[in-house]
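Visitor: Requesting a structural model of the entry that follows:
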Amino acid sequence: MVAPRDQPADMPTASLLDRFALRFAAGARALVGMLMAVAAPFTDPPAGPVVTGAVAAALFGWSLAYLYLMRTRPRTGVWVADVGLMCALCLAQPLLVDPVLLLHMLGWVSPVASVAVVALQWHVRPLPGAVAAAAVCVAFVVGAALAPEVTVAQGLAVGGIWTAVEAALSRLVWRLVHRGGDLADERMARRFAADREAELARARRAEQRAHWATVHDTAASTLLMVGLGGVDGREPWLREQVARDVAALTGAPAPGGCLQDVVRRVVGAARIPADLEADGDLWLPAEAAGALGGALAEGLENVARHAGTGRAQVAAVVDAGRAKVTVRDDGCGFDPERVPAGRFGLALSVTERMAGARGRAVVTSAPGKGTEVRLEWPR
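Guide: So this is what the prediction gives:
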């Protein structure tokens, strides 16, 4: 019923409740037993304080042992022995409890027996719990009826019936608590499944966008240049460009490298000349090198296609451990808020590419004032 002590921290809620129930119920049973044991010799018992004190001392010691043995898992021998002790105490009430206190429901045996059967409902299954509660109730009524001036009806009224009701209510409460734990586990499982599905969907969309960006940066750009007559097929750089396109589309991993090497390689392969300013260097992991290189290449390609100028300015600096690459042009510029919906270059190839590498890209432009694309890594 209860998870072992070495259960991992992420155990189900129902198992956590089982563990809590054992400790709570065992603690309550032991505490009430020890308190009543301390009070017993001072309640003017018919057998005298010496005999009652000896019984109370045994009860006190047994309550400590019960707490130690039952706090982690239900032990059949322990709870059976405890039920037997409760029955013995109930039958011995004519010797241990003043009849006047018993009639006024102030005897010290009644609280111990009641808490024992209540706690037991959190330890065992319904059938043994019900049998144990019935045994204690019968023993209580018999013991009370053996006391002077106490009838069976009075014994039922002062403890027998109430103890049975307490046991039933305790069982009901535990069923509700355990059911709540099962419902919590079920809802958390559904929530985790939904979160996993959402994460997978986000990953699929990100992978799709990355693929679109790769196609846009490589084959689509090269084919567009060929289709528009921008190249005649005899350019010396075209073969290398096609080889890079094929490598990117087949998923060849981008190597890491120094910032300046990555920038120079991209600027050297661009089809528009660029003035390069470099200050400082930084080693980039493969993810960052691929993102910065691809975003820079798209920025230069954007200048070649749309700026209406024959040159770009590229700056690559390292500031406080952060790589910053800037592409500027003095071309016609544009309004970023009015980019047609079908134009994905800056959105996919630059902004999302840098975001995927935990960097960022900022595009600044205005009609007639040129364009600046600023790339930063890490964020």
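Visitor: List the contacts of the spatially closest residue to residue 105 that is not a sequence neighbour.
Guide: Among residues not flanking residue 105 along the chain, residue 158 sits closest, at 5.0 Å (C-beta to C-beta, 6 or more residues apart in numbering). Where C-beta positions appear, they are placed from N, C-alpha and C, glycine not excepted. Residue 158 sits next to 102-105, 107, 110, 144, 150 when contact means C-beta atoms under 8 Å, 6 or more residues apart in numbering.
Visitor: so of those, which ones are in helices?
Guide: 102-103, 110, 144 (DSSP state H).
Visitor: Packing partners of the helix or strand residue 302 falls within?
Guide: Here residue 302 is covered by helix 286-302, with elements defined by DSSP states H and E. The elements that helix 286-302 packs onto, with contact taken as 3 or more C-beta pairs under 8 Å, 6 or more residues apart in numbering; DSSP states H and E, are helix 259-269, strand 312-319, strand 322-329, helix 353-356, strand 371-377.
Visitor: tell me how far the longest one is from the chain's mean position?
Guide: In this case it means helix 259-269. 43 Å (C-alpha atoms, centre = their mean, to the nearest Å).
Visitor: Show me where the chain has its helices.
Guide: 13-39, 48-70, 76-91, 93-96, 99-103, 109-120, 126-146, 152-155, 161-215, 221-227, 236-249, 259-269, 286-302, 353-356.
Visitor: Include mean pLDDT when you put those into CSV, please.
Guide: Shown next, in CSV, are the helices of the chain (pLDDT from 0 to 100):
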stretch, mean pLDDT
helix 13-39, 86
helix 48-70, 93
helix 76-91, 93
helix 93-96, 92
helix 99-103, 87
helix 109-120, 92
helix 126-146, 92
helix 152-155, 86
helix 161-215, 81
helix 221-227, 61
helix 236-249, 60
helix 259-269, 87
helix 286-302, 85
helix 353-356, 82
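Visitor: As CSV, these with distance to residue 310 would be great.
Guide: Listed next are these as CSV, based on distance: least, C-beta to C-beta, whole Å:
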stretch, distance to residue 310
helix 13-39, 68
helix 48-70, 87
helix 76-91, 91
helix 93-96, 108
helix 99-103, 108
helix 109-120, 88
helix 126-146, 88
helix 152-155, 109
helix 161-215, 26
helix 221-227, 16
helix 236-249, 17
helix 259-269, 15
helix 286-302, 12
helix 353-356, 26
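Visitor: re the thing from before, between the helices and strands packed on helix 286-302, which one is closest to residue 65.
Guide: Nearest to residue 65, of all the helices and strands packed on helix 286-302, is helix 353-356, at 62.2 Å by C-beta to C-beta.
Visitor: what domains does the record give for the chain?
Guide: 13-191, 254-377 (automatic domain parsing).
Visitor: how about CSV for those domains, with distance to residue 203 added?
Guide: Shown next, in CSV, are the domains of the chain (distance: least, C-beta to C-beta, whole Å):
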stretch, distance to residue 203
domain 13-191, 18
domain 254-377, 11
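Visitor: just to revisit the earlier point, tell me which of the helices and strands packed on helix 286-302 sits nearest to residue 28.
Guide: Nearest of the helices and strands packed on helix 286-302 (C-beta to C-beta): helix 353-356, 55.7 Å.
Visitor: and stretch 281-299, how far from the chain's centre?
Guide: Worked out by C-alpha atoms, centre = their mean, stretch 281-299 lies 34 Å from the chain centre.
Visitor: Could I get the buried residue list for it?
Guide: Buried residues in stretch 281-299, counted by 16 or more other C-beta atoms under 10 Å: 282, 284, 287-299.
Visitor: farthest-separated two in those residues?
Guide: 282 and 298 (20.9 Å).
Visitor: can you tell me how far the closest residue to residue 331 other than its chain neighbours sits from residue 276?
Guide: Nearest residue to residue 331, sequence neighbours excluded (C-beta to C-beta, 6+ apart): residue 307, at 2.8 Å. Distance of residue 307 to residue 276, computed by C-beta to C-beta, to the nearest Å: 17 Å.
Visitor: Compare those two (neighbour count), which wins?
Guide: residue 307 (22 against 15; other C-beta atoms under 10 Å).
Visitor: Was I right to think that one contacts residue 334?
Guide: No - between residue 307 and residue 334 there is no contact under C-beta atoms under 8 Å: 9.4 Å.
Visitor: Could you name every residue contacting both of the two?
Guide: With C-beta under 8 Å, 6+ apart, residue 307 and residue 334 have common neighbours residue 371.
Visitor: returning to that earlier point: name the member of the ones in helices among the contacts of residue 158 with the most neighbours.
Guide: Top of the ones in helices among the contacts of residue 158 by neighbour count (other C-beta under 10 Å): residue 144, with 29 neighbours.
Visitor: Noted, bye for now.
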